[in-house]
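In: after the sequence you'll find the predicted model.
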Amino acid sequence: TSRHPFYAKDGVLLNVECFGPKYKGFQEDESENAGASQNDGAAYKNNSMHKRSMHNSDQWPLLLYVHGICESAETWGVQTLAQYCAKHCWRLIVLELAGHGLSGDVGSGSGRSTSGVNSLAGKGRATCPNFDDMVNHVAEFTIRMGVKFSRSKGMALCGGSLGGALVAYAVKDILSSRQEGKVAQQKLKEQQECPKFYGIVLLAPALGIKPNAIPSAPVVAVLRTLSYILPSHGILTPTELPTYSCPPSSTRNYSGRWPLSTSNMLLELTSNRVPSDIESGKLHKQMEGLPSLCVITGDKDEIIPLQSIVNWFEAVSNLSSENGEKTLVVLKGAGHGFFHERRMKSKKKYFVQSLFDWLNDRASRDFQ
């Protein structure tokens with residue numbers, strides 16, 4: 001595991017953790033290991049569990065992952081991804097959101113740490129910034145990692161829960177930045193390109209809310225006011241118990257009542273913004289140019305209604321299910337936290353199989 005923290009454009013320090021073989025491209029000349037061997041393609045086409053040569057590990061495609069509220073890179077879900085990414089020859093790279101894990105807290109941009117980790121001793125943890133600020137962070141993260149690991153053959157962006165919503169909303173800026181980068185490379189006649197962008201994977205994405213979970217209008221008004229006055233305090237908000245921490249002794253995951261600003265942001269997103277974007281047709285423009293989409297969710301999700309996710313999925317009208325451009329996988333009997341189950345039960349096995357079937361199918365197309 002290695003860390004690659006960076007300062008976002010708004011000054012917030014964001015921690016990034018990489019799981020995979022040592023990337024030799026940081027030290028070696030870029031001309032070495034150029035090109036993919038036929039064996040690389042065969043490994044993808046046959047969905048082989050056999051690792052390709054470590055000599056070519058710089059070319060492993062990237063799975064960029066964005067976690068949900070209160071989480072970090074130290075969870076059972078991330079460990080599962082790391083384990084299976086290694087088996088399938090993918091490099092896992094995890095962004096810790098602002099106010100989470102080792103990333104800087106909201107408003108910490110003016111006091112930059114020279115140590116490369118959050119220096120605020122956990123103050124205001126899990127206090128999320130404005131949703132659009134986090135979307136910008138995800139877009140910056142994706143572009144930066146593509147440049148840093150430029151030898152990789154391709155990349156996919158994945159998000160769980162809130163991370164899934166962030167990924168969905170970051171698509172437009174990511175594709176725009178990549179296009180601008182291609183134009184700049186052509187003008188400079190540069191040969192090195194960023195890895196091919198395969199698409200996005202959303203795991204139980206926060207794209208809706210159960211109607212009975214929405215407080216009455218007066219209560220919402222009071223909570224919204226309090227969120228501006230006491231953003232990091234938890235009053236009448238959901239309680240987080242990080243039983244998904246791995247290792248169990250990890251202190252990176254938030255425990256306690258969600259901060260008011262975080263609850264307010266998520267309520268506004270799921271009850272207002274997402275439904276409005278679907279109804280207005282704005283979603284079509286957000287997804288324009290996306291090569292592929294995969295959504296994996298459970299039919300027993302106690303937080304995000306399955307129908308909300310289905311409605312969002314069907315509203316992505318510029319991708320076709322018939323052509324394999326978009327895929328919806330519904331895990332029978334799975335709740336919102338299926339991703340963090342410790343044991344490899346049937347639901348989790350089907351999740352892992354579905355995820356890597358999609359990822360390896362996307363990657364295999366580079367070698368056909």
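Out: The structure has been received and is ready for your questions. Quantities reported herein were computed from a predicted structural model and do not represent experimental measurements.
In: can you give me the strands in the stretch 51-200 of the chain?
Out: 62-66, 91-96, 154-160, 196-203 (DSSP state E, counting those that start in this stretch).
In: direction included, what does the first one pair up with?
Out: Read that as strand 62-66. Sheet pairing for strand 62-66, assigned by DSSP bridges, gives strand 91-96 (parallel), strand 154-160 (parallel).
In: looking at those, which is closest to residue 209?
Out: Of all the strands paired with strand 62-66, strand 154-160 sits nearest to residue 209, with 16.6 Å by Cβ to Cβ. The C-beta positions use only the backbone N, C-alpha and C, and glycine is treated the same way.
In: please state the offset of the closest one from the chain centre?
Out: Centroid separation for strand 154-160 versus its chain: 6 Å, with Cα atoms, centre = their mean, to the nearest Å.
In: same thing with stretch 343-359?
Out: 17 Å.
In: can you give me the mean pLDDT across that stretch?
Out: The pLDDT scores in stretch 343-359 average 86.
In: ditto for stretch 72-91
Out: 94.
In: the strands paired with strand 62-66 into CSV, with extra columns for mean neighbour count and distance to residue 301?
Out: Output for these, formatted as CSV (neighbours: other Cβ atoms under 10 Å; distance: least, Cβ to Cβ, whole Å):
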stretch, mean neighbour count, distance to residue 301
strand 91-96, 26, 23
strand 154-160, 26, 12
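In: any chance of those strands in TSV, plus distance to residue 345?
Out: Below are the strands paired with strand 62-66 laid out as TSV (distance: least, Cβ to Cβ, whole Å):
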stretch	distance to residue 345
strand 91-96	22
strand 154-160	18
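In: out of those strands, flag the one nearest residue 311.
Out: strand 154-160 (18.5 Å).
In: state the mean pLDDT of the closest one.
Out: 97.
In: swap in stretch 127-134?
Out: 86.
In: and that stretch, how far out from the chain middle?
Out: Put simply, stretch 127-134 sits 15 Å off its chain's centre (Cα atoms, centre = their mean).
In: can you check stretch 16-23 too?
Out: 16 Å.
In: give me the contact list for that stretch.
Out: The contact list for stretch 16-23 (Cβ atoms under 8 Å, 6 or more residues apart in numbering) reads 1-6, 54, 57-58, 60, 73, 78, 81-82, 85-86, 90-96, 141, 145, 149, 151.
In: in stretch 60-78, what counts as buried?
Out: Buried residues in stretch 60-78, counting neighbours by 16 or more other Cβ atoms under 10 Å, are found at 60-78.
In: restricted to helices, list these.
Out: Among the buried residues of stretch 60-78, DSSP state H puts 76-78 in helices.
In: of all those, which comes closest to residue 353?
Out: Closest approach between these and residue 353, by Cβ to Cβ: residue 77, at 15.7 Å.
In: let me see the contact set for that closest one.
Out: Per Cβ under 8 Å, 6+ apart, neighbours of residue 77: 67, 71, 160, 244, 339-340.
In: residues of the longest helix seen in the chain that come out buried?
Out: If you go by DSSP H, the chain has its longest helix at helix 162-188. For helix 162-188, a neighbour-count test (16+ other Cβ under 10 Å) marks 162-175, 177-178, 181 as buried.
In: packing partners for it?
Out: Where contact means 3 or more Cβ pairs under 8 Å, 6 or more residues apart in numbering; DSSP states H and E, helix 162-188 is packed against strand 62-66, helix 131-148, strand 154-160, strand 196-203, helix 282-286.
In: any idea of the angle the first one forms with helix 131-148?
Out: What it means is strand 62-66. Going by axes from the mean of the first three to the mean of the last three Cα atoms, to 10 degrees, strand 62-66 is angled at 160 degrees with respect to helix 131-148.
In: how far does strand 62-66 sit from its chain's centre?
Out: 6 Å.
In: what sits up against it?
Out: 78, 81, 85, 90-95, 97, 138, 141-142, 145-146, 149, 152, 154-160, 163-164, 166-167, 195, 359.
In: same check, this time on the longest one
Out: The contact list for helix 131-148 (Cβ under 8 Å, 6+ apart) reads 4, 6, 8-10, 12, 14, 16, 62, 64, 66, 93, 95, 97-98, 128, 152, 155, 157, 159, 163, 166-167, 169-170, 173-174, 177-178, 181, 194-195, 197, 265, 268-269, 273.
In: any idea how far residue 201 is from residue 354?
Out: Taking Cβ to Cβ, to the nearest Å as the measure, residue 354 falls 10 Å from residue 201.
In: next, show the common contact partners of those two.
Out: 294, 296.
In: looking at those two, which is more packed in?
Out: Between residue 354 and residue 201, residue 201 has the larger neighbour count (other Cβ atoms under 10 Å), namely 28 against 17.
In: partner residues bridging the nearest residue to the more buried one once chain neighbours are set aside?
Out: Counting by Cβ to Cβ, 6 or more residues apart in numbering, residue 201 lies nearest to residue 158, which is 4.1 Å off, once chain neighbours are set aside. Following DSSP bridges, residue 158 is listed with bridge partners residue 65, residue 201.
In: pretty sure residue 158 is touching residue 203, no?
Out: Yes - using Cβ atoms under 8 Å, residue 158 is in contact with residue 203, at 6.8 Å.
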